[in-house]
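Peer 1: Got a predicted structure plus its sequence, pasted below:
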Amino acid sequence: MNIVKSLDRIAAKGLYPQKDNVIFVGITDGGERQYRLYGQLPAAVTDHSALFEIGSMTKVFTALLLTHLVQQNMISLDDPVAKFLPAYAKSTTAGSHETTLRHLATHTSGLPREDNVLNKRVAFSKEKRLNPYLYYTSEDLTSFLSTHQLNRKKIGKWNYSNIGMALLARILEHVLQIPYEQAVEELVCAPLGLSDTVFRLNNEQQQRKVEAFTKKRTPIPPLQIGGVRGAGGMSSTMQDMMRFVELNLGIIDSTATDPLHFSHQKQANGPDQHFNMGLGWFIKHSKHTTHPVVWTGGTTIGFHTYAGFIKEKKLGVVVLSSYHLKLFELIQTLMGKGPIVTDRLATTIFENAYKAQPPAIN
């Protein structure tokens with residue numbers, strides 16, 4: 001089966017029966033770009049400029065802000081959290097063991113994925129589950145970080161944590177004394193030329209926004225990130241994300257890329273022997289690809305996204321998609337069989353690159 005047929009077969013699993021949601025695939029091979037669009041975008045929206053929620057891909061931009069400050073000698077990766085926010089010592093210190101900025105940026109802080117307060121508030125409400133973080137406030141996070149008791153045995157062990165990334169954003173905001181969102185857009189995105197990678201859409205960008213909805217055409221409201229700023233909340237386009245990947249690959253030359261290349265370096269072990277952590281990035285090792293894949297992904301209630309690359313091949317992949325994921329579909333996805341196909345599409349492209357033919361999809 002050739003690469004196009006493989007991608008078509010995988011993408012079909014991620015389309016609604018009416019094929020009215022979207023899966024948009026972009027490939028850059030040494031700077032030569034190819035695209036494949038499945039499903040439907042609104043008639044008034046140009047595909048490359050359509051804005052998708054990118055969810056947890058935001059974490060890479062939070063980590064890049066951290067990297068920027070490290071390279072400016074304003075902070076160190078091994079600075080303890082308590083140096084900046086001593087009020088949170090209970091949740092970030094256990095005896096002589098301290099959570100550092102490196103821990104926060106690599107999901108090895110010992111903090112949980114979420115605060116149980118959030119889970120209790122949205123568990124039994126279908127409406128609240130469509131926008132769960134709306135019901136978790138900044139004050140809730142402050143309360144958690146002030147009272148949670150850190151288990152020292154968990155420091156340094158990988159555990160994906162929205163709480164940890166939100167705490168990192170608070171520290172960066174504290175150091176810079178400007179709002180976190182402003183800092184990311186001005187100090188990270190603007191120098192990289194990512195004008196459509198933003199937290200809040202202006203009026204013109206609102207017209208290019210992809211709307212998410214369930215299979216029954218129930219609209220899914222735009223995700224509001226609430227108290228976990230830093231863990232999500234950004235939107236972007238295929239044009240911006242392809243540029244971002246090419247900047248990471250060194251295909252596009254820029255004086256602003258030093259933090260990017262530093263962020264790819266291994267900083268911690270991941271969840272298993274096949275994964276390491278950069279700063280915000282996952283580094284995946286596979287027997288099917290000679291070289292590691294550096295990648296990030298995002299999932300919101302209605303959107304699922306991916307950006308990854310193999311530096312040695314100068315090959316990058318972006319997948320932006322819309323899909324409302326139900327609980328049983330989430331379980332299927334975790335087993336590699338569900339409708340969220342972003343990772344599987346990318347994996348197929350990367351593995352194909354190590355075969356005889358280049359990844360031609362047009």
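Peer 2: Structure received.

Peer 1: all contacts plus neighbour counts: C-alpha atoms, from now on.
Peer 2: Fine.

Peer 1: which stretches of this protein form strands?
Peer 2: In the chain, the strands defined using DSSP state E lie at 22-29, 32-39, 52-55, 93-94, 97-98, 212-213, 219-220, 234-236, 268-269, 275-277, 282-286, 289-299, 303-310, 315-322.

Peer 1: so what does the first one touch, helix or strand wise?
Peer 2: With contacts defined as 3 or more CA pairs under 8 Å, 6 or more residues apart in numbering; DSSP states H and E, the secondary structure elements packing on strand 22-29 are strand 32-39, helix 238-249, strand 315-322.

Peer 1: contact partners of the longest one?
Peer 2: Pointing back at helix 238-249 there. Applying CA atoms under 8 Å, 6 or more residues apart in numbering, the contact partners of helix 238-249 are 26-28, 31, 47-51, 192, 194-197, 252-254, 257, 260-261, 307-311, 314-318, 320.

Peer 1: Centre of the chain to it, how far?
Peer 2: 14 Å (CA atoms, centre = their mean, to the nearest Å).

Peer 1: likewise stretch 180-191?
Peer 2: Distance, centroid of stretch 180-191 to centroid of chain: 16 Å (CA atoms, centre = their mean).

Peer 1: repeat for stretch 297-306
Peer 2: 8 Å.

Peer 1: gap between the two ends of that stretch?
Peer 2: 4 Å (CA to CA, to the nearest Å).

Peer 1: how about CSV for the helices and strands packed on strand 22-29, with mean neighbour count and distance to Ile283 added?
Peer 2: CSV is the format used below for the helices and strands packed on strand 22-29 (neighbours: other CA atoms under 10 Å; distance: least, CA to CA, whole Å):
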stretch, mean neighbour count, distance to Ile283
strand 32-39, 15, 23
helix 238-249, 22, 14
strand 315-322, 28, 14
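
Peer 1: List the contacts of Gln205.
Peer 2: Gln205 sits in contact with Leu51, Asp196, where contact means CA under 8 Å, 6+ apart.

Peer 1: and Lys59, how many residues sit next to it?
Peer 2: Residues lying near Lys59 (other CA atoms under 10 Å) number 29.

Peer 1: Please look at it and Met165 and confirm they touch.
Peer 2: Yes - counting by CA atoms under 8 Å, Lys59 does reach Met165; the two are 6.9 Å apart.

Peer 1: tell me, what's touching the two both at once?
Peer 2: In contact with both Lys59 and Met165: Gly230, Ala231, using CA under 8 Å, 6+ apart.

Peer 1: residues contacting Leu118?
Peer 2: Shown in contact with Leu118 (CA under 8 Å, 6+ apart): Pro132, Tyr133, Tyr135, Tyr136.

Peer 1: Could you check how far the last one is from Val122?
Peer 2: Translated: Tyr136. Taken as CA to CA, the span from Tyr136 to Val122 is 10 Å.

Peer 1: Could you export the contacts of Leu118 as a markdown table, including neighbour count and pLDDT?
Peer 2: A markdown table is the format used below for those (neighbours: other CA atoms under 10 Å; pLDDT from 0 to 100):
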| residue | neighbour count | pLDDT |
| --- | --- | --- |
| Pro132 | 22 | 86 |
| Tyr133 | 20 | 90 |
| Tyr135 | 18 | 90 |
| Tyr136 | 20 | 92 |
